[in-house]
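Participant: What follows is a predicted protein model with its sequence.
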Amino acid sequence: MAAETARGLGVDATSVHEIGRRGYGDREQLELAASDGRIFVTRNRNDFIVLTIEAFQTGAAHAGVLIVPRSLPNHHPERLAHALRRWQEGHPDPGSHFLDFLKA
């Protein structure tokens, strides 16, 4: 639902639920996002920090990771969508292998 709301705000977003990738492992999710040229947005901070470091060290494809803080709860998808739009406006070309944190 946040992806749909974000699209309404002009953010090119999709969700793993919409594209049938729910249940895939973290590494596979990140690899698939990179192959699609998409930044991966997640609440899973610890695992994706490690995966980002590994991708950088090995030179693996990586389009970036945005960590969603607990202050942006799941039951308020519009808040997450607006945070994504603000982040996008402030980072027009983030490059690869980046890791950043959304602000509420």
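Facilitator: Happy to help now that I have it. Since this is a predicted model, take the numbers as computed values, not measurements.
Participant: in the protein, which spans are helices?
Facilitator: 2-8, 26-35, 45-58, 77-90 (DSSP state H).
Participant: So what sits opposite the residue sitting nearest the centre point of the chain in the bridge?
Facilitator: Centroid-nearest residue in the chain: Val41, 1.7 Å away (criterion: CA atoms, centre = their mean). Beta-bridge partners recorded for Val41 (DSSP bridges): Leu66.
Participant: Run through the residues that contact it.
Facilitator: Contacts here follow CB atoms under 8 Å, 6 or more residues apart in numbering; on that basis Val41 touches 13, 65-66, 68, 84, 102. Any C-beta I mention is one placed from the backbone N, CA and C, and that applies to glycine too.
Participant: again, but for Gly37
Facilitator: Ala63 are the contacts of Gly37 under CB under 8 Å, 6+ apart.
Participant: For the residue nearest to the centre of the chain, give its distance to Gly59.
Facilitator: As judged by CB to CB, to the nearest Å, Val41 and Gly59 stand 23 Å apart.
Participant: Please apply the same query to Ala104.
Facilitator: 34 Å.
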